[in-house]
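Enquirer: all I have is the shape, not the residue letters:
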Ligand code: UFG
């Protein structure tokens, strides 16, 4: 049985991946500093409360366990905050990844699956976005992830580090099996924000611009279910453990939905009207982003289970209602 260290394993995508790995016979160890993660998401699993700025702390985890590979989620991921406070992002995302890699190499652990992002591409030049698209991030968050991708390339050449850098599009939805889902310190993502207008936590959802060059004027994004992301991480790990070479791979459904389509989907799924208001464009939002997932299908044998946006929204709604109850009883 392979032992896998999952950094940021108590976060949104991390916790779904942890359960996917656990279910598939991996021995999972979670590392999280719990600044964003939730203890109840990793109940019953071997967990270390360690911040990746603490090299000795990481060292202890590797001393106490024979780790075969790492899945590295731990990072800050608010685009807006990264513009306001880039230092926080470069230290936490880049320097802390260097710390993790240092300890991995010292312990001869040379396989890593990494959370990258479509934000590494920047302004899209063509659609669908494939892995060969140029990479010019337009915010520090995207820069940190691209920097780490470059570090991996150098470390592969010099030290034989093998990596799968998975570039996610818009993660959405929640597990239907476990009590886990999207629960951010500050919510900025479209689907939970819309759903929170229906739990009464928010008055209305502001549509950021309806004058984009799309059929209904609102931005189009590729919403991919978090359980599909989790299965891709498992497949990536299996490839690496079988001796695969390093890869960069997009994870998206290959199709996009506009902001207004997402609102309509929520209305269909919940049978309720969403209160909306049209606002200004948000800086840095391209009209359309969706993935080419041909490489993921070919290299990973990945199959997207959630191809219909209503099915994704259904799982997000089930979770949001549970979360609302949690928040109101805490
Ligand atoms: N949107 C609104 N109103 C809101 C929030 C969002 O209209 O209140 C719109 C945005 O303008 C965008 C779409 O909904 O068109 C999705 O926005 P999100 O903030 O949910 O997601 P992003 O596409 O901005 O962000 C995602 C990931 C980031 C990643 C980024 C890459 O969450 O981590 O894609 O572009 F960096």
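Expert: Looks like it arrived, so ask away. None of the values given here were measured: they were computed from a predicted structure. Numbering: from 1, shown residues only.
Enquirer: so what's the closest residue to residue 24 other than its chain neighbours up against?
Expert: Nearest residue to residue 24 in three dimensions, chain neighbours excluded: residue 234, at 5.7 Å (CB to CB, 6 or more residues apart in numbering). Using the backbone N, CA and C atoms, a C-beta is placed for each residue, glycine as well. Contact analysis of residue 234 by CB atoms under 8 Å, 6 or more residues apart in numbering lists 17, 20-21, 24, 26.
Enquirer: check residue 229 too.
Expert: So, once contact is read as CB under 8 Å, 6+ apart, residue 229 ends up touching 13, 16-17, 166, 168, 171, 251.
Enquirer: can you get me a residue count around the residue in the chain positioned nearest to the ligand?
Expert: Nearest residue of the chain to the ligand: residue 219, at 3.1 Å (CB to the nearest ligand atom). Close neighbours of residue 219, defined as other CB atoms under 10 Å, add up to 26.
Enquirer: related to what we said a few turns ago, distance of the residue nearest to residue 24 from residue 59?
Expert: 27 Å (CB to CB, to the nearest Å).
Enquirer: just residue 222 next, same as before
Expert: 39 Å.
Enquirer: more crowded one of the two?
Expert: Using other CB under 10 Å, the more surrounded residue of residue 222 and residue 59 is residue 222, with 25 against 16.
Enquirer: so the more buried one touches residue 258, yeah?
Expert: No. With contact defined as CB atoms under 8 Å, residue 222 does not reach residue 258; the gap is 11.5 Å.
Enquirer: please, where are all the strands along the stretch 101-250 of the chain?
Expert: Applying DSSP state E, counting those that start in this stretch to the stretch 101-250 of the chain gives strands spanning 111-117, 162-168, 170-172, 205-208, 220-221, 223-225, 247-251.
Enquirer: for residue 161, grab phi and psi.
Expert: Backbone torsions for residue 161, taken as degrees, to the nearest 10, come to phi -70, psi 130.
Enquirer: dump the residue contacts of it.
Expert: Counted by CB under 8 Å, 6+ apart, residue 161 has contacts 101, 104-105, 110-112, 152, 155, 246.
Enquirer: could I get those residues as a markdown table with pLDDT and neighbour count?
Expert: Shown next, in a markdown table, are the contacts of residue 161 (pLDDT from 0 to 100; neighbours: other CB atoms under 10 Å):
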| residue | pLDDT | neighbour count |
| --- | --- | --- |
| 101 | 99 | 23 |
| 104 | 98 | 23 |
| 105 | 98 | 15 |
| 110 | 98 | 19 |
| 111 | 98 | 24 |
| 112 | 99 | 26 |
| 152 | 98 | 22 |
| 155 | 98 | 20 |
| 246 | 98 | 18 |
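Enquirer: what would the residues you listed look like in a markdown table with distance to residue 212?
Expert: As requested, these are exported to a markdown table (distance: CB to CB, whole Å):
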| residue | distance to residue 212 |
| --- | --- |
| 101 | 39 |
| 104 | 42 |
| 105 | 45 |
| 110 | 44 |
| 111 | 41 |
| 112 | 37 |
| 152 | 34 |
| 155 | 39 |
| 246 | 36 |
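Enquirer: which one of the residues you listed sits closest to residue 326?
Expert: Proximity to residue 326 was ranked across the contacts of residue 161 by CB to CB; first place goes to residue 112, at 32.7 Å.
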